[in-house]
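Peer 1: No letters, just coordinates:
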């Protein structure tokens with residue numbers, strides 16, 4: 001049975017939410033950024049007039065203002081975005097219980113089994129959803145309609161703002177094949193550059209590649225890209241609220257000021273590792289490997305991984321392994337713009353294995369002093385808030401003025417995993 005999948009993507013979500021409070025700015029170039037008063041703040045979102053000026057997400061304020069001197073900057077309001085996220089997804093749930101958020105402003109809907117209830121086809125239902133969202137929230141969205149999740153997302157990106165695009169079994173080659181490979185979900189800049197080295201610039205050229213060649217280039221990801229490009233993706237849309245099994249837990253930050261000293265990097269790695277370890281403990285998980293992602297001031301990115309030889313959810317162990325990776329891979333004072341710490345190869349409590357450490361509590365049992373200490377910290381934070389207790393170094397090294405680490409699209413420091 002052919003499925004009908006919708007991908008709903010809110011248009012310029014952060015900026016559009018902010019402009020509800022400033023309707024007089026609607027036709028002026030506006031961007032939401034982490035810190036409007038900082039020249040080095042990061043652009044989180046922009047409206048259509050700013051986009052036409054060449055402003056792009058994730059560039060610094062000074063870069064954006066060089067393109068658009070009249071750019072108006074607004075601070076983010078995370079609580080508002082979350083409130084709209086819940087309101088919008090509640091609208092989607094009127095049409096199906098198979099609603100899978102992809103981010104704070106994007107969701108997939110599988111309406112295959114509910115179309116008959118509304119007496120509409122996929123495109124007509126998409127138009128109704130767009131009208132409903134606009135009427136109830138004042139915000140617009142673009143909707144892609146297709147027979148799988150990947151092409152539905154391509155459809156929502158195809159025409160903006162406030163539009164519906166249908167990619168069907170009859171027209172998908174005509175629409176999809178001419179698009180650049182970078183338009184395909186999970187093909188980042190690095191993968192696109194590598195494909196271009198082999199003369200692969202469009203999705204059609206990617207689809208024509210032998211699967212074994214792509215697997216040689218990208219491993220398992222290559223096989224997945226071959227499936228995506230040929231319209232063979234068939235993953236289900238999960239019911240709203242259902243979690244996919246967690247494969248990794250990560251936390252990353254883009255810094256308002258580049259790091260150029262080991263002590264600064266160690267402090268930030270400790271802070272990121274603390275967040276990762278807390279979330280592992282919260283979900284009863286342990287990691288057996290860590291990954292450190294480093295980006296410099298020129299946006300060059302490297303990623304390094306380390307197997308731990310044991311499983312842990314202790315901040316000090318995660319931070320220590322990541323700091324070792326940094327020292328092996330980086331030369332100071334080459335500036336660091338962004339760091340991400342990720343816990344990999346996760347196991348649950350039943351698969352836990354403690355490290356044989358001469359300095360660990362007797363027997364190396366997992367309920368040692370460090371673990372008890374971190375659970376005590378968790379309890380304090382749950383009762384009094386996350387800011388109630390922190391690393392002394394983190395408090396001492398806060399950036400001057402009002403600068404903060406740049407939040408991601410979710411309005412918080414970048415997180416992935418639960």
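Peer 2: Perfect, thanks for sending it. Computed from a prediction, not measured in an experiment: that's the story for all the values here.

Peer 1: Going by C-alpha atoms from here, please, whenever you check contacts or count neighbours.
Peer 2: Will do.

Peer 1: Do me a favour and average the pLDDT over the lengthiest helix in the chain.
Peer 2: Determined from DSSP state H, the single longest helix within the chain is helix 262-282. For helix 262-282, mean pLDDT is 93.

Peer 1: Let me see the mean pLDDT of the helix or strand following that helix.
Peer 2: Proceeding N to C from helix 262-282, the next assigned helix or strand is strand 285-296, under DSSP states H and E. For strand 285-296, mean pLDDT rounds to 94.

Peer 1: mind listing the helices for the stretch 201-350 of the chain?
Peer 2: 203-208, 211-218, 220-229, 262-282, 315-329 (DSSP state H, counting those that start in this stretch).

Peer 1: Show me which of these has the highest average neighbour count.
Peer 2: Among those, the stretch with the highest mean neighbour count (mean count of other C-alpha atoms under 10 Å) is helix 262-282, at a mean of 21.

Peer 1: Packing partners of that one?
Peer 2: Under the contact criterion of 3 or more C-alpha pairs under 8 Å, 6 or more residues apart in numbering; DSSP states H and E, helix 262-282 touches strand 249-259, helix 315-329, strand 336-348, helix 392-396.

Peer 1: Need those in JSON lines (columns: distance to residue 214 and mean pLDDT).
Peer 2: Formatted as JSON lines, the helices and strands packed on helix 262-282 follow (distance: least, C-alpha to C-alpha, whole Å; pLDDT from 0 to 100):
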{"stretch": "strand 249-259", "distance to residue 214": "27", "mean pLDDT": "91"}
{"stretch": "helix 315-329", "distance to residue 214": "28", "mean pLDDT": "95"}
{"stretch": "strand 336-348", "distance to residue 214": "24", "mean pLDDT": "93"}
{"stretch": "helix 392-396", "distance to residue 214": "44", "mean pLDDT": "53"}
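
Peer 1: now the ones you listed in TSV, with distance to residue 17?
Peer 2: As requested, those are arranged in TSV below (distance: least, C-alpha to C-alpha, whole Å):
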stretch	distance to residue 17
strand 249-259	23
helix 315-329	36
strand 336-348	27
helix 392-396	32
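
Peer 1: Nearest to residue 94, out of those?
Peer 2: strand 249-259 (31.6 Å; C-alpha to C-alpha).

Peer 1: tell me the angle that closest one makes with helix 262-282.
Peer 2: Relative orientation of strand 249-259 versus helix 262-282 (axes from the mean of the first three to the mean of the last three C-alpha atoms, to 10 degrees): 160 degrees.

Peer 1: For strand 249-259, enumerate the helices and strands it packs against.
Peer 2: helix 262-282, strand 336-348, strand 414-416.

Peer 1: Please compute how far it lies from its chain's middle.
Peer 2: Strand 249-259 has its C-alpha centroid displaced from the chain centroid by 14 Å (C-alpha atoms, centre = their mean, to the nearest Å).

Peer 1: That strand vs strand 285-296, what angle?
Peer 2: 30 degrees.

Peer 1: relative orientation of strand 249-259 and strand 336-348 in degrees?
Peer 2: 160 degrees.

Peer 1: May I see the buried residues of strand 249-259?
Peer 2: For strand 249-259, a neighbour-count test (16 or more other C-alpha atoms under 10 Å) marks 249, 250, 251, 252, 253, 254, 255, 256, 257, 258, 259 as buried.

Peer 1: repeat for stretch 295-305
Peer 2: 295, 296, 305.

Peer 1: Out of the residues you listed, the closest to residue 89 would be?
Peer 2: residue 295 (33.8 Å).

Peer 1: my guess is that closest one meets residue 336, correct?
Peer 2: Yes - if you go by C-alpha atoms under 8 Å, residue 295 and residue 336 touch, sitting 6.0 Å apart.

Peer 1: Out of the helices and strands packed on helix 262-282, which gets nearest to residue 69?
Peer 2: Here strand 249-259 is closest among those (C-alpha to C-alpha), at 20.6 Å.
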